[in-house]
Structures are given as C-alpha cells and as structure tokens.
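Asks: Just a sequence and a predicted model for now, questions to come.
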Amino acid sequence: MVYELNDVSVRINGEEILQSVSCTLKEGKWISIIGQAGAGKSTFAKVIKGLIPFFKGEYTHNQQPLPRDSKGNMKVVPQIGYVFQFPEHQIFETTVYKELTFAPKVKGESPERLEEAIMMVMGQMGLSGDLLQENPFQLSGGLKRLIAIASVLIAEPELLILDEPTAGLDPISRTALLKQLKAWQGEKNRTVLFISHQLEDVAEYSDEVMIFKKGRLLVHLDVNELFLKHIAFMEQAGLPLPEPIQLLRLIEAISGRILEPASCREEDIMQLVRSVWQSRGLQNDG
Ligand SMILES: Nc1ncnc2c1ncn2[C@@H]1O[C@H](COP(=O)(O)OP(=O)(O)OP(=O)(O)O)[C@@H](O)[C@H]1O
C-alpha cells in the first residue's frame, strides 16, 4: 500500500495553507510530522484522510486516484483511521461498548467477530473489560483518549493518523500509549502518520520525519539522517535546535544505547555526538 501526493495545494478563504506538497507514504513506516504551530501539519493529515474536499494536485492510493464524488469533491478515505487532537471531538456514544462497536457495525461485522475485535483492541490498548458499560464522557482524559484510539483501531485502518495523541498525558501514560501503538503498527505492518511536538518521541518511534514550514513540505527524510546529519533543517523550519545534551538523548533514543559523555561540559557532550556521527560515517552539516 502506497499513498502519494503530487503537487498538492490547499487554499482556504483565499489563503494558500498547503503549497505544492509531493510525498510518498510507504507501507509499514512510522512517519512523524513536525513543524511550527500553523505550519500546515493538521491540514496535510486532513488531506490524506480525505477531509478536505477541494485541493489542487493529485492524490493516489497504489497508483490509482482516490475516489471523488460527482461534483469532483474528495471523499473521506474509509481505510484510513484518524485520531483527532481532542478525543472529545470523536467520541459520541453513551457507553464504551457502543463507541467501540460503531464502526464495525457499520461495516456489517458479525456479533462473534465483534466480540473478538473488542477483546483484541481492549487488550492492545491495555484497557479493562470493566470499562465497556461506562460512559466514555465520564472517564479521565487519559482513558477517553485510549477509548478514542481503540475505536479507530478496531476498524483495522491500513494507515493511522495520530494528531498529537499524547497531548495532556503524563510521561508514564505517554510512553505506555506510544509503545502500544508502536507494537500494533509493527505487528500489522501498518503506516502511521504521527503529528508531534515531542522530539524524543519522534526520535524513538519514527522511521521517517516530514518537516513542514509555512504550508510547504521542507523535507522528508529518514529519522537517523535528521538527528545524525541534517539537524540544521530544524533551524530552517523555525524550530528550536536541540541543546547538545538533548541531541545526545535523541541519538540514544534512535540507537537504543546509553551514551555517557566524559562530563557534563558542552564540549565533551559535542565530542561524543561527533564520535557517534563519525562511527556512522556521517558528517554534521549543522
Ligand atoms: N478551515 C480553515 N479556515 C481558515 N484557516 C485555516 C483552516 N484550517 C487551517 N487554517 C489555517 O491554516 C494554517 C495551518 O493550520 P494547521 O492546523 O494545518 O497547522 P498545524 O501545523 O497543524 O498547527 P498546530 O501545530 O498549531 O496544530 C494556520 O494558519 C491555520 O490558521
């Protein structure tokens, strides 16, 4: 499965919100999307889901144009799951059970298959079966978020869009959620588009990173290339450059190794960062 945009631009109220975006989203990749507030990250994700009816340019799935209605408007892409920034925006049923079964019922799943799917998704999200008869609106913010995500995963999306899924979660819940989502993605070889402002999460979970700036896709590259070689793109996008010690922790997150500089002095930390770059045959251009 491959989704491709070719020269896509979005104009709303006379303003060009996305400009000439071309990209390929390949199967089985965790692709993080970063950029300043207002850079166009959510608009890009909405184009991918088919939530923006009008845009200029081409959008294909496995080289086939995605369906449009008789007026030429883009249709919502059913096989793509979208987890919105605020779970309240997508929860609408009165019990967790009804919330989770909504999409599978629309698809006409059998009752047996439904029960099986509920048990599987509750397990994947680490949710207790006791919650099924609870009102989702009365649950904590963290649980609401997990229910919102579970209700998207139960439809088995081939591409999952996560718009800041960890906003407002404490660090332990954040790590637990991302690990669960990474396990789901790896097991099913699905594609994830992950909008985040948390660089540590981007370094730890991504295969690729897209950086947006003022409605343009500045660059789309391998996560190692960004943090080990092209960190200067962050500056170009108007994002703060990581401090040396944060850069070291980002490199650790990518390599999975604990890296200890000789001391906390900046030059010792940078020396260690450089030695990692050299050991990987890379040169920093930042
Ligand atoms: N429906 C709309 N009507 C008018 N302007 C819009 C609309 N949607 C987005 N915009 C504008 O487009 C620009 C990009 O918005 P978008 O939400 O895609 O950015 P973002 O990178 O996701 O930002 P954030 O990190 O704050 O969520 C912003 O200036 C926003 O105000």
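Replies: That came through fine.
Asks: Touching, residue 59 and residue 47? I think so.
Replies: Yes. Contact criterion CB atoms under 8 Å: residue 59 and residue 47 qualify, at 7.0 Å. In this view, the C-beta of every residue, glycine as well, is placed from N, C-alpha and C.
Asks: And the residue of the stretch 151-286 of the chain closest to the ligand?
Replies: Nearest residue of the stretch 151-286 of the chain to the ligand: residue 212, at 6.2 Å (CB to the nearest ligand atom).
Asks: After whatever helix or strand residue 187 lives in, which helix or strand is next?
Replies: Counting by DSSP states H and E, the element that carries residue 187 is helix 171-188. Downstream of helix 171-188, the first helix or strand assigned by DSSP H and E is strand 191-195.
Asks: Find the residues that touch each one of residue 59 and residue 47.
Replies: 5, 8, 74 (CB atoms under 8 Å, 6 or more residues apart in numbering).
Asks: Just the closest of those residues to residue 91, please.
Replies: Residue 91 has its nearest neighbour among the shared contacts of residue 59 and residue 47 in residue 74, at 25.2 Å by CB to CB.
Asks: Any figure for the gap between the closest one and residue 114?
Replies: 30 Å (CB to CB, to the nearest Å).
Asks: ok, residue 259 - contacts?
Replies: 248, 251, 252, 272, 276.
Asks: ok, 10 Å please
Replies: By CB atoms under 10 Å, 6 or more residues apart in numbering, the contact list for residue 259 reads 248, 249, 251, 252, 269, 272, 273, 275, 276.
Asks: Check which helix or strand it maps to.
Replies: Using DSSP H and E, residue 259 falls outside every helix and strand.
Asks: Likewise for the one 10 residues further on?
Replies: Of the helices and strands defined by DSSP H and E, residue 269 is found in helix 266-279.
Asks: Look at residue 59 and residue 47 and report which has more neighbours.
Replies: residue 47 (23 against 19; other CB atoms under 10 Å).
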